[in-house]
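S.K.: Okay, predicted coordinates and the sequence, questions at the end:
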Amino acid sequence: MPLQAIKIKPGINRSGTATSTEGYWYDGDKIRFRLGNPEKIGGWVKDNGEHGSGPTPPAGAFWGVCRSLWNWVSLKGRNYLSLGTHLKLYVQDSSDGDLYDVTPLRRTATGTATFAATSGSSVITVTDAGHGAQTGDFVLFSSAASLGGNITATVLNNEYEITYISSSTYSIDVGVAANASDVGNGGGSTVAAYEITTGNEYYATAAGFGAGGWGGATTGFAATGWGESAATGVGVNLRLWSQINYGEYLICNPRGGALYMWVPSATPSSFQRAQVLSSTNTNTQDGTAYWTTDSSCPSLCNIVHVSDSSRFVIAFGCNDYGSATLNPLLVRWSDQEDYGTWAPAITNQAGSFTLSAGSQIVSVRPQRQEILIFTDAALYSMQYLGPPYVWGFNQLGSNISIISPNAAVTASNVTFWMGIDKFYMYDGRVQTLPCTVWQYVFNNISGEQNYQIFSGTNEGFNEVWWYYCSAGSTTVDRYVIFNYADQVWYYGNLSRTAWLDSPLRHYPTATGYDGQVFYHENGVDDGSTNPPSAISSYIQSANIDIDDGYKYGFVWRLLPDLKFDGSTVSAPEVTFDLLPADNPGSGYGTEGGGDVVSANNYSATRQYKIQRYTQQVNVRLRGRQMALKVSSEGVGTQWQVGNPRIDIRQDGRR
């Protein structure tokens, strides 16, 4: 028989068996498709910025698990990146690349906190009646006096993590063991500044009345505090932030908490903390007013957004005028071009509207000339009409779902999102998005950790990514990708907690569980280690029949077709394997194959060359079906597969 080309359609197809999906790719990890051809995904490098203020995190550059990233540029051209974690709020300044703690404060008390040390221990007991803190919260002390021995004023006047003891006491670990002379209480002038209550790292089931999800269902949506932890207890849901810039100011909101604004300072060293929006706020350095907001500003909110149309600040799922109770279906907006005016009047455009379908607003995404609002039962369009109605609301679809607040993303003017049991898209009308890996994703997903699911774009490769927790996992460990240019799906394994593909940065930005910021599509290796380590990647086809599986075939050589452009080492290599099977249910026998090594040196300046590599791979295998697998394990290796060929002949019927 002549040489037979192995031509496989782009995308991974897991909608059937490995035999019924013949002609498709069936499995893979850390690969993508570009113009129909599979290739290894790009690598990532670790951000070199360090923690710029506050206590040193146990690992990485920031405290907590980051669930939100936002990027914008100030009027002076400084590039800012804000990170919202379950413990802190940070801002990175392009001038030095460090992360600065700008977490808002909820309480500042002077002269109420006292200290008590135990000789030989670094744990200090703090007494402060009504402190309102829980374990894991942070407090910043200043103006405290020495306790008389090792616990000096310099030791005390820092930021510490709290361990709750009672409503009037808690402990901190100052890292220095006290001695017998530490008998003082810190004096009467100590200033204790308490940061906003921390949130949860992941969804955790609580016991007792009121525990579980909204309406009693454990779907990942907390009934207690809408994602906020109670002052002396533990909520069931994880902390999520919404962030957006208003000019050069940052407006942000921890889900279920207050609205905050952060205003840039001249230098990172003078950064102020974010301030609650519903008050008059002054610059602590010179006393000048930042802003004054009327008393009608929402004090509780699930999502905050700033409209492109006439710049309204919009609160989704918030408390109404004169109420302290959060209404999860209420939408309120400030006056046009005025984030400080929320009380409706004939002289302004502030107002509100309550949606009717569903039990809560889950997510919000801007679209062309409209804002998409996802409840847990419907999709709404919010459009600017102008006075007197200001904003109009139209239901675009009912009986639809969205799996998490961060599961929707817009690319090429189309909004894509993950529902609780399928994918959707909106391009002017709501449609189901066909998915060839539906069973692989939804049959092995942790429904309890739905809140952790997030999405993002990778515009350079025409991709939409969803990261999720596999069944039984409490951490994000998998992703699924839709390539909207080629209309194909693929997936892989990778742990990330947030993603932002911003045109203001050279590479897509992501965060990990280790407190690090990563830049993706940068290089070809895993830059989370030093030195960088290899990214293990592979792709495997569905079963390829030989004469419709009637006769055995004998394969004795394989002619590879690929390129190594983008590699960074001399003689990069991949492995080609053919996996034989007698019948669909027999499993694969001993594979045949070998390494394909490039003859080029890609560590030289000129990386794109005429391809020269191993011309044939000698194999010796027999079967009715076979699958092709291409994989790599080497540092500095980048590859793309074309149409390999095999030399095959008939070898009888058994």
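M.R.: That came through, no problem.
S.K.: check contacts around Phe393.
M.R.: Shown in contact with Phe393 (C-beta atoms under 8 Å, 6 or more residues apart in numbering): Val331, Phe353, Leu355, Ile373, Tyr380, Ser381, Met382. Any C-beta I mention is one placed from the backbone N, CA and C, and that applies to glycine too.
S.K.: Please tell me how far it sits from Trp262.
M.R.: Distance from Phe393 to Trp262, counting by C-beta to C-beta, to the nearest Å: 30 Å.
S.K.: any idea how this structure splits into domains?
M.R.: 4-40+535-650, 45-102+233-527, 105-195 (automatic domain parsing).
S.K.: And those: which comes nearest Tyr202?
M.R.: domain 45-102+233-527 (5.0 Å; C-beta to C-beta).
S.K.: so is Ala109 in a helix, a strand, or just coil?
M.R.: strand (DSSP: H, G, I helix; E, B strand; the rest coil).
S.K.: Isn't it up against Val126?
M.R.: No. Using C-beta atoms under 8 Å, Ala109 is not in contact with Val126, being 11.3 Å away.
S.K.: Comparing the two, which residue is more hemmed in?
M.R.: Val126 (26 against 16; other C-beta atoms under 10 Å).
S.K.: For the more buried one, list each beta-bridge partner.
M.R.: Here Val126 shows beta-bridge partners Phe115, Tyr170, assigned using DSSP bridges.
S.K.: low-scoring pLDDT stretches of this structure, where are they?
M.R.: Within the chain, the set of residues satisfying pLDDT under 70 comprises 1, 53-54, 205-236, 280-291, 547-550, 605-608, 652-654.
S.K.: State the helix or strand in which Ile646 lies.
M.R.: strand 645-650 (DSSP states H and E).
S.K.: Correction: the previous question concerned Val441.
M.R.: Going by DSSP H and E, Val441 is part of helix 438-442.
S.K.: immediately after that helix, which helix or strand?
M.R.: Counting by DSSP H and E, what follows helix 438-442 is strand 454-458.
S.K.: Show me how far that next one is from its chain's centre.
M.R.: Centre-to-centre, strand 454-458 and its host chain are 8 Å apart (C-alpha atoms, centre = their mean, to the nearest Å).
S.K.: So for that strand, what gets flagged as buried?
M.R.: Phe454, Ser455, Gly456, Thr457, Asn458 (16 or more other C-beta atoms under 10 Å).
S.K.: Please report the distance of the second one from Gln449.
M.R.: Going back to what we said before, that points to Ser455. 15 Å.
S.K.: Next: the fourth one.
M.R.: The spacing between Thr457 and Gln449, counted by C-beta to C-beta, is 23 Å.
S.K.: next one: the last one
M.R.: Distance, Asn458 to Gln449, by C-beta to C-beta: 23 Å.
S.K.: who's Asp647 bridged to?
M.R.: For Asp647, the beta-bridge partners are Arg557 (DSSP bridges).
S.K.: what sits against it?
M.R.: Asp647 touches Leu3, Gln4, Val555, Trp556, Arg557, Leu558, Leu559, counting by C-beta under 8 Å, 6+ apart.
S.K.: now Asp173: how far from Asn150?
M.R.: 14 Å.
S.K.: between these two, which one's more packed in?
M.R.: Higher neighbour count among Asp173 and Asn150: Asn150, with 18 against 12, using other C-beta under 10 Å.
S.K.: before we move on, what SS does that one have?
M.R.: Under three-state DSSP, Asn150 comes out as coil.
S.K.: Quick check: it touching Val183?
M.R.: No. Between Asn150 and Val183 there is no contact under C-beta under 8 Å: 11.8 Å.
S.K.: With Ile251 as the reference, measure out to the spatially most central residue of the chain.
M.R.: The residue lying closest to the centre of the chain (C-alpha atoms, centre = their mean) is Ala498, at 1.6 Å. Distance, Ala498 to Ile251, by C-beta to C-beta: 18 Å.
S.K.: Next: Thr110.
M.R.: 29 Å.
S.K.: tell me the contacts of the closest residue to Val430 other than its chain neighbours?
M.R.: Excluding its sequence neighbours, the residue lying closest to Val430 (C-beta to C-beta, 6 or more residues apart in numbering) is Gly397, at 3.7 Å. By C-beta under 8 Å, 6+ apart, the residues touching Gly397 are Ala378, Leu379, Val430.
S.K.: who wins for neighbours among the residues you listed?
M.R.: Leu379 leads the contacts of Gly397 on contacts (other C-beta under 10 Å) with 26 neighbours.
S.K.: Assumed that residue was part of a strand.
M.R.: Yes. Per three-state DSSP, Leu379 lies within a strand segment.
S.K.: Can you spell out which residues form a bridge with it?
M.R.: The partner list for Leu379 in beta bridges (DSSP bridges) reads Phe374, Gly397.
S.K.: just checking, it touches Leu372?
M.R.: Yes. Leu379 lies in contact with Leu372 (C-beta under 8 Å); the separation is 6.4 Å.
S.K.: which residues are in contact with both of those two?
M.R.: Common contacts of Leu379 and Leu372 (C-beta under 8 Å, 6+ apart): Leu396, Tyr426.
S.K.: Quick one: the helices in the chain, in order.
M.R.: 153-156, 438-442 (DSSP state H).
S.K.: list the contacts for the residue nearest to Ile400 when sequence neighbours are not counted?
M.R.: When the adjacent residues along the chain are set aside, Ile400 lies closest to Leu379, with 5.8 Å between them (C-beta to C-beta, 6+ apart). By C-beta under 8 Å, 6+ apart, the contact list for Leu379 reads Leu372, Ile373, Gln395, Leu396, Gly397, Ile400, Tyr426, Val430.
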